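Novice: Sequence first, then the predicted structure, then my questions.
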Number of protein chains: 2
Amino acid sequence: MARFLEVSGRRWALRVVWELRVGALNFRALREACGGISPSVLQRRLHEWRESGVVEKIPRLGYRLTARGERLFPVLAQMEKWTRR
Amino acid sequence: MARFLEVSGRRWALRVVWELRVGALNFRALREACGGISPSVLQRRLHEWRESGVVEKIPRLGYRLTARGERLFPVLAQMEKWTRR
DNA sequence: GATCTACGCTATCGAAACCGTAGCGGGAGG
DNA sequence: CCTCCCGCTACGGTTTCGATAGCGTAGATC
């Protein structure tokens, strides 16, 4: 948990996962979806999430959540619900 | 949601909330619970969470989650559950 | 009243993370 | 060959973080 809080406690970290909820996105599309993250930071976040087994890279498709990453979605959905009040 | 992801996407941000799940903690206790966050950063995080209405300051008691903050706990609990696999 | 202690908090400064921009190499299509 | 879009990297300036020291206050104790 402490580890996850550390990884997710970086700029854009959760946002990247959040934007991938709709499905696979390529690098540039993901960049725009996040609304202006710098490519170097996005690159780092993607590496970090890939190391954590949350995101995977698909040739000619871009990036998408792994099965494990998908299971993280309910957490974010609940989080999103929380923000609505 | 984007706003929350922004606030929580800072070092120690969620960790601070997580450590407050056990109840009120004073500044120093919270600092130790987090395992060595610098006081200046902790100070900043507490201000940010207070502005978001997640944390409140109680005289002679320290800091604790607000009612709104308590409602954030299930999210973190689910997050913690996710990390266990 | 003087001292001691624990508290919240601030100051400083070097290190690390981040941002914006530019641009590279590579592959697909014309 | 040329063009276009792709993932990705390099660079320099700005922001954020981290470690440490220490201030001012308030309560307790002598």
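Specialist: Alright, I've got the coordinates.
Novice: Could I get the contacting residues of A:Glu19?
Specialist: The contact partners of A:Glu19, taken as CB atoms under 8 Å, 6 or more residues apart in numbering or on different chains, are A:Leu25, A:Leu30, A:Ala33, A:Cys34. Just so you know, the C-beta spots here come from the backbone N, C-alpha and C atoms, and that holds for glycine as well.
Novice: residues contacting the residue most central in space within chain A?
Specialist: Per CA atoms, centre = their mean, the C-alpha nearest to the average position across chain A is that of A:Val17, at 1.8 Å. By CB under 8 Å, 6+ apart, the residues touching A:Val17 are A:Trp49, A:Val54, A:Val55, A:Leu65, A:Gly69, A:Leu72, A:Leu76.
Novice: still on that earlier bit, which of the contacts of A:Glu19 fall within helices?
Specialist: Members of these lying in helices (criterion: DSSP state H): A:Leu30, A:Ala33, A:Cys34.
Novice: How much space separates the nearest residue to the second one once chain neighbours are set aside from DNA strand C?
Specialist: Going back to what we said before, that points to A:Ala33. Closest residue to A:Ala33 apart from its sequence neighbours, by CB to CB, 6 or more residues apart in numbering or on different chains: A:Glu19 at 4.2 Å. The spacing between A:Glu19 and DNA strand C, counted by CB to the nearest atom of the strand, to the nearest Å, is 14 Å.
Novice: related to what we said a few turns ago, please pick the buried ones from the contacts of A:Glu19.
Specialist: Buried members of the contacts of A:Glu19, counted by 16 or more other CB atoms under 10 Å in any protein chain shown: A:Leu25, A:Leu30, A:Cys34.
Novice: Tabulate the residues you listed in JSON lines, adding columns for pLDDT.
Specialist: Formatted as JSON lines, those follow (pLDDT from 0 to 100):
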{"residue": "A:Leu25", "pLDDT": "97"}
{"residue": "A:Leu30", "pLDDT": "97"}
{"residue": "A:Cys34", "pLDDT": "96"}
